[in-house]
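1. Sequence and predicted structure are below.
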Amino acid sequence: MTFSPQLEERFASLIKRYPPDRRRAALVPMLLYAQDELGQVSKELVEEVARRLEVQPLEVEEVVGYYSMLRRQPLGRHHVQICTNVSCMLEGGAELWEHACKKLGIGNRQTTPDGRISLEEVECQGACSWGPALLVNYRYHHHMTVEKLDRLLDDLRKLE
Amino acid sequence: MPEMVKLTIDGKEVKVPAGTLVIEAARAAGIEIPAFCYYPGLSLQAACRMCLVEVERMPKLMTSCTLPAAEGMVVRTDTPVVAAARKAMLEFVLTNHPLDCPVCDKGGECELQDMVFRYGAGESRFDEDKLHMPERQWSPVVYYDAPRCILCYRCVRVCDEGMGVGALGIVHRGVHAEIAPNGGDHLECEQCGACIDICPVGALTSGTYRYKTRPWEMTHVPTICAHCADGCTTTLGVRNNRILRGNNRDRAGINGEFLCVKGRFAFDFYDHPERLTAPLVRVDGSFEAVDWPRALDTVAAAFREALGRGGAFGVIGGSHTTNEENRALARFARQALGTGNIDHHRTGDLATLLETGAPLARAADLYTAGAVLVVGANLSAEHPFLAWQVRANQRHHGALVRRVASLEELRDGALRGELAAAGDLVVVFNDAVKGAGVRELVEFGAGLGIPVKYVALVDYANSRGALEAGLVPDAGGLALPEMLAAGLDVLWVVGANPLKKAGVEFRRPGFMVVQDLFLTETAAAADIVLPAASAYEKDGTVTSVCGEVQRLRRAVRAMGPKTDLEIIDWLAHRMGVELRCDNAAPPARPDGRPDLVWSSRDGLFTSGTLGRYSKILDAVKA
Amino acid sequence: MLYNEPSPLEVKVLTRRFGLPDSASLQTYLAHDGYVALRKAQEMSPEEIIEEVKRSNLRGRGGAGFPTGLKWSFVPRHSEKPKYVVVNADEGEPGTCKDRLLMEYDPHQLIEGVLIAARAVGARAGYIYIRGEYRYLIEIVDRAIDEARAGGYLGEFELYTHTGAGAYECGEESALLESLEGKRGVPRIRPPFPAVAGAFGCPTVLNNVETFSAVPAIIRDGGEAFAALGTPKNGGTRLFCLSGHVNRPGVYELPLGFNLLRMIEEVGGGVRGGRKLKAVIPGGSSCPVLKADECDIAMDYDSLARAGSMLGSGGVIVMDESTCMVRVAARLMRFYAHESCGWCIPCREGTTWLRKLLARIHEGAARARDIDLAGDVARNMLGRTFCPLGDAAAMPTIAFVEKFREEFEAHLEGQACACEVAHA
């Protein structure tokens, strides 16, 4: 399996961080960074990472299924993650979530037919004092309102 | 001696070695603390929370499976708080557990069922929808039903720690967590089935047994596995004279937790369609089935006739036959036939090892020795239980384990230092070491300056017993290959298949009688074939590779075949000879002939002429 | 730009550089007492550093509130194995968003705290375990580490960031270590504690971002000065994350012992829309809720413990009279059921049972006995699970059911949610 030079460089730097007999420590970061590039954790990726870290593919599978950010299926180019946990809920997070679903016509962990936007209802993202909040991929959007969400989704549809 | 500590459990004073877990200390005092995830010999989990106990001066209930006993500790397992905790844990575990006990294979021998009866609530307060997942088949013999799984992780640990395979893992999280096989949707492993045996509930079930019967409808017959020489107890579940399963139900054998794929699944050779059920007599070049009296009369007459004219006899005994049968055969040969041409297929050079007088190791020694040196053998494939012992020793005691392919690798002395530092040693060798090699190996051991014991690996369930029963040539007698090549007047083969070996030199004897289960290569060459009972169809004793003499218990009655002991006895009766019951079987006389020793190197999916008649084994290895 | 305006009532110790131009840079840090404490620590013996931290009465800011100096003193002085420092930056407790700011605005303060801890215990390497969603912070912290290394502040010490990938459970210290080692974030059996067998089986100091970030000030100005900011046994300030129905939600640094009602009124600008206060979750979702009449309370570890709750991780969630407490309880249990690692039976099954049960009560599909059942199921989990997550799920549920029983009853048998109708 071939990765971009940037990802290869990232892997190389990751593996150096841990004791030589504990290369496995790089597993979770490697999977997440690889997913960022490839869109998902494929079976091939599992096998490749297992080979590089000298563990069994099953040991990688155990980890993949555990962490909620790791996913076996690709999602949209812009993955919109709306928090509905209590602090955001008190500020209207649940209504934002329902609005987004209705507007895009998709549900949780689903992607628009053009593959651009996917939605996920997520747990606390550490933006409680500035809620309701959402993440688009790794970018935070605070103090959201239905109007701001509409503009954001419209922009994401256009954004390359 | 480890330091002893005194603690009180339910008012009883208990003295245990420091470091003993409270759950074990309680068991030692006869107090049961229930647990699912705790399993002696496997790593600790503290996951099922069934073993919670009250401990004085500790604010919360403690898991007794992770709590080491300490001097003065006061533990209570019989309080309302503990009872309420157990009841609560069972209520939790049942929330997503299907109540399908009436159709579950485990019903009747299910640990969860037993615990709910003893510690649980009469009814559930859970009114929500249960999670459901379809059952999955992971191999011809292993099925997984996720909703029944209580996630005690025993299967994961027995596979990883016990078997050293690691074919099972845990995927997803929270209430969706489940056990997963290493092949994604299937198991890539030895199919030993240890995961099925150790499962406390019906989450892992056996493909060969499922839906066939209920456990209480069977009789459970612990006997010794017929396949390799390791001497594992396999408990055969029998109903209506049929063996429905083999497992390790009572863990009462020297094998403890262990059984391999053969011990668990390959019992089915006994009712293979090719099984011989009537004596066969060669008439004009082809076999004809005859009744027993006629067959026995024919053999007795032929023996008498040859004796009368001073003909030469040869007797080849078996490695699956019992000690009693082997001794009877040896007596018959020497007393009734007057021949010293007696032998069996020697699969390891135990004879030379016995001659050296070196101490012999028992299977238990492999678990306790400071070091284990394996010469030649692939222990995991050829002697899976001995391999299990070595792995457990490594895991529990940090034993040093070294393997070399041959004696040459020992000659440079590189291993000498670390072996000598290990305190004591067990040396295990197969047919790569024989004759002078055995003497050299024993000298190597003696030079280490520590106690050393030896195991000469042999192939079959009673290979060692055959040697010790005197199935070896008398002075001047012919050995096995010589008997085959000699074109004797009479050749009598009991439970052996020497013609299976490729390229063996064979000259037809004047008369040849073979006793066996199947029409083997050897039986096919006979003039008369007597169908013999299998190990699961008779009582007796067998001697394992490490010398444990253990009882075979008859599980089923063979219809047609007779035990070899009966056949020998009837022949003696028909010939009018009284076999003297002298226990002084001649000692094994080592002849220092390495050419007489060769192992079949059977692996997990073969075992001489038995394994190839197991359909289950065929299905699994495919 | 700051996420919220500071309050004049704040006592700015850890947040003193927030809002400075380029506050994350080494240059700014150095211009404002940066690495002064490290230089001082290098003149001190490890024992003296630990003593100073003990004098500060600093207690763990992650939630459990264990005395930091004491925790450090458990690390064996002499060890054949290497020792590690691990920073818990897996901020995930609902209601909590402070570590994010400490890393975003002042990463060097955190690094300096780590370096002092490393000196105190003799560690040779450290890891900052940052939750996966905080990707932008990894870039900021990595840059700061590079600057510190280039500036010679790290010396022989190696410090790295390490990303999580979405698991609340990894905020539990032993689960974090498992995750750091590339495994499922399932807690370990303890003892041994991380101080003896932590990262890679080696002695490890593991603290929250805020805890480490407090260390430079403690060493620089002395433990007693830090302790004096708070109340006895509750040294210093902490970052409170005000969220929910207040006029000025935000993260504010206030001395320990600050009155909760005053925090809501004077720091947070009062309950929004002139509504009445109904309840406060005082320290993040795991802490039992306080009714309005319980909120006249000093915000320190001991006062909250006496009130049957906890200071937790500093997430103060304010709820006005329009809030449906059944809905809050149900939403929180959805979170715990989602985040339960599944290792032990009572947490795995209990959180999911309660999730379904509380949702059913909120939907008006429950019977009277279901209310008692919810409390009972939670009590059956309490104190019996493998790790604190089970307690964290059980305790709030018990409090919601006990303190707001009439609201639960109002939801029975198909009745619409009264609060939401009244305030629609």
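-> Noted; the coordinates are in hand. Please read these numbers as outputs of a predicted model, since none were measured by experiment. Numbers count the residues shown, from 1 in each chain, chains lettered A, B, ... in the order given.
2. List the residues that contact the most centrally placed residue in chain A.
-> Centroid-nearest residue in chain A, with CA atoms, centre = their mean: A:Met69, separated by 4.9 Å. Listed by CB atoms under 8 Å, 6 or more residues apart in numbering or on different chains, the contact partners of A:Met69 are A:32, A:35, C:132-133, C:165-166. Using the backbone N, CA and C atoms, a C-beta is placed for each residue, glycine as well.
3. From C:Pro191, how far off is C:Pro203?
-> Noted for C:Pro203: a distance of 13 Å to C:Pro191, by CB to CB, to the nearest Å.
4. Excluding sequence neighbours, find me the nearest residue to B:Gly318.
-> Once flanking residues are discounted, B:Gly318 sits nearest to B:Gly495: 2.5 Å by CB to CB, 6 or more residues apart in numbering or on different chains.
5. Let me see the contact set for residue 157.
-> Going with chain A. A:Arg157 makes contacts with A:116-117, as judged by CB under 8 Å, 6+ apart.
6. meant chain C actually
-> C:Phe157 makes contacts with C:115, C:118, C:123-126, as judged by CB under 8 Å, 6+ apart.
7. In a markdown table, list these along with neighbour count and secondary structure.
-> Formatted as a markdown table, these follow (neighbours: other CB atoms under 10 Å in any protein chain shown; DSSP: H, G, I helix; E, B strand; the rest coil):
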| residue | neighbour count | secondary structure |
| --- | --- | --- |
| C:Leu115 | 27 | helix |
| C:Ala118 | 26 | helix |
| C:Ala123 | 25 | coil |
| C:Arg124 | 13 | coil |
| C:Ala125 | 21 | strand |
| C:Gly126 | 25 | strand |
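8. if you count what's nearby, which of C:Pro203 and C:Pro191 comes out ahead?
-> The neighbour count for C:Pro203 versus C:Pro191, taken as other CB atoms under 10 Å in any protein chain shown, is higher for C:Pro203 (24 against 10).
9. The more buried one and C:His78 touch, don't they?
-> No - at 10.0 Å, C:Pro203 does not count as touching C:His78 under the criterion of CB atoms under 8 Å.
10. Tally up the residues packed near residue 50, please.
-> In the absence of a named chain, chain A is used. For A:Ala50, using other CB under 10 Å, the count is 18.
11. that answer is for a different chain, and I need it for chain C
-> By other CB under 10 Å, the residues close to C:Ile50 number 21.
12. Is it located within a strand, as I assumed?
-> No - membership of C:Ile50 in a strand is not supported by DSSP: H, G, I helix; E, B strand; the rest coil, which gives helix.
13. Please give me every residue in contact with it.
-> Contacts of C:Ile50 (CB under 8 Å, 6+ apart): C:69, C:72-73, C:120.
14. With C:Ala227 as the reference, measure out to it.
-> Separation of C:Ile50 from C:Ala227 (CB to CB) stands at 15 Å.
15. What of A:Arg71?
-> A:Arg71 is 47 Å from C:Ala227, by CB to CB.
16. So between the two, which is more surrounded?
-> Using other CB under 10 Å as the criterion, A:Arg71 and C:Ala227 rank with C:Ala227 on top: 21 against 18.
17. Which helix or which strand is home to the residue nearest to C:Tyr160 when sequence neighbours are not counted?
-> Excluding the flanking residues, the one nearest C:Tyr160 by CB to CB, 6+ apart is A:Arg17, at 4.3 Å. Here A:Arg17, judged by DSSP states H and E, is contained in no helix and no strand.
18. what do you get for B:Met512?
-> strand B:511-516.
19. Could you do A:Leu119 as well?
-> Going by DSSP H and E, A:Leu119 is part of strand A:117-122.
20. gap between that strand and the chain center?
-> Between the centre of strand A:117-122 and the centre of its host chain there is 9 Å, according to CA atoms, centre = their mean, to the nearest Å.
21. where in chain A is pLDDT low?
-> By pLDDT under 70, the weakly predicted segments of chain A are A:160.
22. Just give me the neighbour total for the residue lying closest to C:Ala64 once chain neighbours are set aside.
-> By the measure of CB to CB, 6+ apart, the closest residue to C:Ala64 outside its immediate chain neighbours is C:Pro388, 7.6 Å from it. If you count neighbours by other CB under 10 Å, C:Pro388 ends up with 17.
23. What distance do you get for C:Pro388 to chain A?
-> Using CB to the nearest CB, to the nearest Å, C:Pro388 is found at 17 Å from chain A.
24. Next up, the contacts around that residue.
-> The neighbourhood of C:Pro388, defined by CB under 8 Å, 6+ apart, consists of C:64, C:172, C:286.
25. Most neighbours of all the residues you listed, which one?
-> That'd be C:Glu172 among the contacts of C:Pro388, by other CB under 10 Å, with 27 neighbours.
26. State the phi and psi torsions of that residue.
-> Taking degrees, to the nearest 10, you get phi -70, psi 130 for the backbone angles of C:Glu172.
27. Identify the residues contacting it.
-> C:Glu172 sits next to C:185, C:187, C:387-389 when contact means CB under 8 Å, 6+ apart.
28. Just flag the most distant two among those.
-> Greatest spatial distance among those (CB to CB): C:Gly185 and C:Pro388, at 13.7 Å.
29. before we move on, the earlier item: okay, and which of the contacts of C:Glu172 map to helices?
-> Within the contacts of C:Glu172, residues falling in helices by DSSP state H are C:388-389.
30. from the contacts of C:Glu172, which is closest to B:Gly465?
-> C:Pro187 (51.9 Å).
31. and that closest one, what is it in contact with?
-> Applying CB under 8 Å, 6+ apart, we find C:Pro187 in contact with C:169, C:172, C:174-175, C:178, C:341, C:343, C:386-387.
32. Please apply the same query to A:Glu59.
-> Applying CB under 8 Å, 6+ apart, the residues near A:Glu59 are A:24, A:50, B:169.
33. Counting by contacts, list what the helix or strand containing B:Thr223 packs against.
-> Using DSSP H and E, B:Thr223 maps to strand B:219-224. Contacting strand B:219-224 under the criterion 3 or more CB pairs under 8 Å, 6 or more residues apart in numbering or on different chains; DSSP states H and E are the following elements: strand B:233-239, strand B:549-552.
34. mind checking the backbone torsions on the residue most central in space within chain B?
-> Of all residues in chain B, the one closest to the mean position by CA atoms, centre = their mean is B:Cys232, 2.5 Å from it. Phi and psi for B:Cys232, reported as degrees, to the nearest 10, are phi -70, psi 140.
35. quick one, what contacts it?
-> B:224-225, B:253-255, B:258-260, B:263, B:385.
36. Would you quantify the distance from the residue nearest to B:Gly318 to B:Pro594?
-> In this view, B:Gly495 and B:Pro594 are 24 Å apart by CB to CB.
37. Just want to know which of the two has more residues nearby.
-> Counted by other CB under 10 Å, B:Gly495 and B:Pro594 do not tie: B:Gly495 has more neighbours, with 28 against 17.
38. contacting residues around the more buried one?
-> By CB under 8 Å, 6+ apart, the residues touching B:Gly495 are B:317-321, B:325, B:515-516, B:532, B:564.
39. Could I get the buried residue list for the strand or helix carrying A:Gln6?
-> Using DSSP H and E, the secondary-structure element containing A:Gln6 is helix A:5-15. For helix A:5-15, burial by neighbour count (16 or more other CB atoms under 10 Å in any protein chain shown) applies to A:7, A:10-11, A:14-15.
40. Could you do stretch B:231-242 as well?
-> Residues of stretch B:231-242 classed as buried: B:231-238 (neighbour count, 16+ other CB under 10 Å).
41. Give me the distance from that stretch to the chain's centre.
-> Averaged C-alpha coordinates place stretch B:231-242 at 13 Å from its chain's average position (CA atoms, centre = their mean).
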